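1. Predicted structure and sequence below. I'll ask about it afterward.
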Amino acid sequence: MSSIRNIPHISLAYAGLLAAAGLAVLISLSLRLNLHIADVPAFVGFIIFGIVVVVFGFPAPHVGYVSLDRVVQFASILIFGTLQAAWIVAIASLIWPFLPWGTARGRGMRFMAVRALHNSGMLIFIILITGGLYQFFGGDVPLMQLNLHDVLLIVILALFMQGLNILFMAVIVWLEKYDWRRVFGLYPAAVDLAAMPLAVFTALVYDQLETSSFVLFLVVLVLIMLIVRSFADTRKALEVKLDELVAVNRVGKAVSSLLALDELLELIFRESRSLVEFDIFMLALYDENAREIDIHLHHNPQGRQPRRRQSLGVGIMGWVIVHNKPAFIRDWEHDDSEFKHIMVHIGDTPQTQSLIAVPMTYRDRVLGVLSVQSYTANAFSESHVNMLMTFASQAAIAIANARLVEELEHNRNVLEERVSERTRDLALQKDALHALTESLQGANREKETLLLKLRQQTTELERQTREDGLTGLYNRRFIDARLDIEVKRAERYQRDFALAMADIDRFKGVNDRYSHMVGDDALRAMADILRTQCRSIDIIARYGGEEFLLCFPETTRENAIIVCEKIRRYVEHFDWDRIQPGMRVTISFGVAAAPPDYDVDKLIAAADEKLYEAKRSGRNRVCV
């Protein structure tokens, strides 16, 4: 069965046959039953209404796009009868994908044709079957009032109609090589079923009120759809952000899981697909010694492509590595940047229309490039660039760690091979048994010493990479690298950025009076306070003994002062008796912000100076 999906244009052929069959059945029934459209303006008006409802649809989390088109479909049955309703939804479904503001616009003529043909054919059969059953079991057309029989019949047919819709959609999604299980989502089903009472209400309003009153009702309905669409857009944006954080977290866990490099790269590919939709994915590592780009992963609609290498000076990926900056092509046809002239087209595939390529940087070294591409123009935005930059920086840490593991494994294999060679020499040189035995013991000691040293280095590297051992906050080594990235990003996009230096007041007195163990407990409690009082996007690090550095991306100087003042009050009123009876702890802050000066050293120096000012002014305060 899976081989059917590989037939060229199979989904287009299926959609065309479905539409042709539906129209043939509809025309035949219309001729046989001598269909007469009594109210042509109302008929045309409901076609336009059906188009407007779909255009004002909204994104659904993880399933794509939904609308209140079920209102038009079922209301048409209740107002005009089954045949006219089938003609209304069929014509509307054939038209809206080709409109300039249709949701299928920009996805290519083939996609729009599949959407138009499949939806029209599918809805003809759904309306004919559902409407036929409604009238067969005595449902009123037109519906002037509700009784228990009509209510029960509508509820049963609503569920039946939803089941038919799911079956048709599962087939086309499977033929289009997507995950067919996504059509069984609760969210779109809930939207469709929730539209059924609105469809009944629409029919009652149309059949009982004046035309002007019904038009007013439609205006109110459109306004409601616009409000729902606004909420849905906001919800989808939050879902995308959540997916980003989840993906970054998974790659972050790979740093400590010591995955093999190939496994890690496949993980990065899978998590990238959960973040953004693309047609092509490429991940390349930079070979500094050979000055070449090693393209480990290259996925396109034909599958995974062979691994290959290319010169550093070739293509957009080479440009990204050399300049340590992202490359972004929004629309190939209208792009006039230098990227259009250096892009390399590979294989017999369509021309890429949208592209993002971001560097994977670790400790100011570019380890490689992550690139996503689409055959559709305007598939990516600046938000995708920022999201992939964050994702790539986390992936770079994991790649650096995986490379270290591979290097350690190589050293271990080399050492084991040396031991094996000496063991073979011992067997062949019996006369030198004593000397070779000593040599073997020495090699074993060398092996154990080296392995112990390598294990210690690995453990130390993992600990020092990002975390302070006492507080669990980021350490200074990590924050120095991260701070430079955050400031450069803020400068590049001219965003607000603030940082604060914080120092526990008279902390030496705490250690001297209560012991260093109590002081350590106080530091850990202070770290917990900073974590709970700051946002998830804020970056907190232990900068020195009792000194902390707080980074606030996308934050003005005034908002940073508010946060620091909130933390200062929280610390001042914290129940320190839980740690040591009678102990009182306060904290002072120095705040600096950009713009105008996006310079890491100057920002730190400014914040440090303000911290000293806070100390000189009596401590337990925020100075800016």
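-> Cool, the structure landed.

2. If you rank every helix and strand of this protein by mean pLDDT, what lands last?
-> strand 58-60 (a mean of 56; mean pLDDT, DSSP states H and E).

3. and Ile47, what is it in contact with?
-> 88, 91-92, 95 (CB atoms under 8 Å, 6 or more residues apart in numbering). No exception for glycine: its C-beta is placed from N, CA and C like everyone else's.

4. switch the cut-off to 6 Å
-> When contacts are counted by CB atoms under 6 Å, 6 or more residues apart in numbering, Ile47 touches 88, 91-92.

5. With Leu523 instead?
-> For Leu523, the contacting residues are 470-471, by CB under 6 Å, 6+ apart.

6. what do you get if the cut-off is 8 Å, keeping everything else the same?
-> Contacts of Leu523 (CB under 8 Å, 6+ apart): 470-471, 504, 542, 546.

7. and which of the residues you listed is nearest Val200?
-> Thr471 (60.8 Å; CB to CB).

8. Counting neighbours, what do you get for the closest one?
-> Here the number of neighbours of Thr471 (other CB atoms under 10 Å) works out to 21.

9. Make sure I have this right: it is in a helix.
-> No - according to DSSP: H, G, I helix; E, B strand; the rest coil, Thr471 belongs to no helix; its state is coil.

10. my read: it touches Arg542, true?
-> Yes - assessed by CB atoms under 8 Å, Thr471 is found in contact with Arg542 at 5.1 Å.

11. Spit out the residues that contact the two alike.
-> Joint contacts of Thr471 and Arg542 (CB under 8 Å, 6+ apart) are 523, 527.

12. By neighbour count, sort out the buried ones in the contacts of Leu523.
-> Among the contacts of Leu523, those classed as buried by 16 or more other CB atoms under 10 Å are 471, 504, 542, 546.

13. could I get those as TSV with secondary structure, distance to Met122 and pLDDT?
-> Shown next, in TSV, are these (DSSP: H, G, I helix; E, B strand; the rest coil; distance: CB to CB, whole Å; pLDDT from 0 to 100):
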residue	secondary structure	distance to Met122	pLDDT
Thr471	coil	59	90
Ile504	strand	67	94
Arg542	strand	60	93
Glu546	coil	67	92
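
14. In CSV, list the residues you listed along with distance to Tyr598.
-> Listed next are the buried ones among the contacts of Leu523 as CSV, based on distance: CB to CB, whole Å:
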residue, distance to Tyr598
Thr471, 28
Ile504, 29
Arg542, 24
Glu546, 28
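
15. Among those, which one sits closest to Gln353?
-> For these, the closest approach to Gln353 (CB to CB) belongs to Arg542, at 46.7 Å.

16. Quick check: closest non-adjacent residue to that closest one.
-> Asp468 (4.3 Å; CB to CB, 6 or more residues apart in numbering).

17. where's that neighbour relative to Glu546, distance?
-> Applying CB to CB, to the nearest Å, the value for Asp468 to Glu546 is 12 Å.

18. burial measure for Ala498, as a count.
-> Number of residues near Ala498 (other CB under 10 Å) recorded here: 27.

19. err, Val55, not the other one
-> Val55 has 14 neighbouring residues, counting by other CB under 10 Å.

20. From Phe49, how far out is it?
-> Taking CB to CB, one finds Val55 at 11 Å from Phe49.

21. For the residue nearest to Arg542, the count of nearby residues, please.
-> 21.

22. Quick check: Ala614 is in a helix.
-> Yes - counting by three-state DSSP, one finds Ala614 located in a helix.

23. if I pick it, what's in contact with it?
-> Residues near Ala614 by CB under 8 Å, 6+ apart: 588-590, 621-623.

24. my guess is Leu285 contacts Glu292, does it?
-> No - counting by CB under 8 Å, Leu285 does not reach Glu292; the two are 9.7 Å apart.

25. okay, these two: which has more neighbours?
-> Leu285 (21 against 18).

26. Just the pLDDT for the residue nearest to the spatial centre of the chain.
-> By CA atoms, centre = their mean, the chain has its centre lying nearest to Leu275, at 2.8 Å. Per-residue confidence (pLDDT) for Leu275: 78.

27. sorry, back to before: most neighbours among the contacts of Ile47, which one?
-> Ile88 (28 neighbours).

28. helices or strands next to the helix or strand hosting that residue in the packing?
-> Taking DSSP states H and E as the definition, one finds Ile88 inside helix 82-95. Where contact means 3 or more CB pairs under 8 Å, 6 or more residues apart in numbering; DSSP states H and E, helix 82-95 is packed against helix 10-32, helix 40-55, helix 69-80, helix 109-136.

29. any chance of the ones you listed in a markdown table, with distance to Leu157 and mean pLDDT too?
-> Formatted as a markdown table, the helices and strands packed on helix 82-95 follow (distance: least, CB to CB, whole Å; pLDDT from 0 to 100):
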| stretch | distance to Leu157 | mean pLDDT |
| --- | --- | --- |
| helix 10-32 | 19 | 89 |
| helix 40-55 | 19 | 82 |
| helix 69-80 | 8 | 84 |
| helix 109-136 | 5 | 86 |
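
30. Go through those helices and pick out the most buried.
-> Highest mean neighbour count among the helices and strands packed on helix 82-95 (mean count of other CB atoms under 10 Å): helix 69-80, with a mean of 26.

31. Just checking the distance from that helix to the centre of its chain.
-> Put simply, helix 69-80 sits 37 Å off its chain's centre (CA atoms, centre = their mean, to the nearest Å).

32. What ranges in the stretch 451-600 of the chain fall below the confidence cut-off?
-> In the predicted model of the stretch 451-600 of the chain, residues 458-464 satisfy pLDDT under 70.

33. so what are the domain limits for this protein?
-> Split into domains by automatic domain parsing, the chain comes to 2-208, 242-396, 403-459, 476-623.

34. Quick one: end-to-end distance for the last one.
-> Criterion CA to CA, to the nearest Å; first-to-last residue distance in domain 476-623 is 23 Å.

35. Leaving out chain neighbours, which residue sits closest to Val72?
-> Gly50 is the one closest to Val72 (CB to CB, 6+ apart), at 4.1 Å.

36. what's near enough to touch that neighbour?
-> Here Gly50 is in contact with 69, 72-73, 76, 88-89, 92-93, 96 (CB under 8 Å, 6+ apart).

37. Dump the residues you listed into a markdown table; add distance to Phe160 as well.
-> Formatted as a markdown table, the contacts of Gly50 follow (distance: CB to CB, whole Å):
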| residue | distance to Phe160 |
| --- | --- |
| Asp69 | 17 |
| Val72 | 18 |
| Gln73 | 13 |
| Ser76 | 17 |
| Ile88 | 20 |
| Val89 | 17 |
| Ala92 | 22 |
| Ser93 | 20 |
| Trp96 | 25 |
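
38. Residues in contact with the helix or strand harbouring Tyr286: which ones?
-> For Tyr286, the element it lies in under DSSP H and E is strand 280-287. By CB under 8 Å, 6+ apart, the residues outside strand 280-287 that reach it are 265, 268-269, 272-273, 292-300, 309, 312, 317, 321, 349, 352, 366-374, 399.

39. Which members of the residues you listed are positioned in strands?
-> The strands, defined by DSSP state E, take in 292-300, 309, 366-374 from the contacts of strand 280-287.

40. Which among these count as buried?
-> Counted by 16+ other CB under 10 Å, the ones in strands among the contacts of strand 280-287 give 292-293, 295-300, 366-374 as buried.

41. Quick one: residues contacting Asn386.
-> For Asn386, the contact set (CB under 8 Å, 6+ apart) comprises Arg489.

42. Check Gln73 too.
-> The contact partners of Gln73, taken as CB under 8 Å, 6+ apart, are 50, 85, 89, 123, 126-127, 161, 199.

43. now, which of these sits nearest Glu491?
-> Nearest to Glu491, judged by CB to CB, of those is Gly50 at 49.6 Å.
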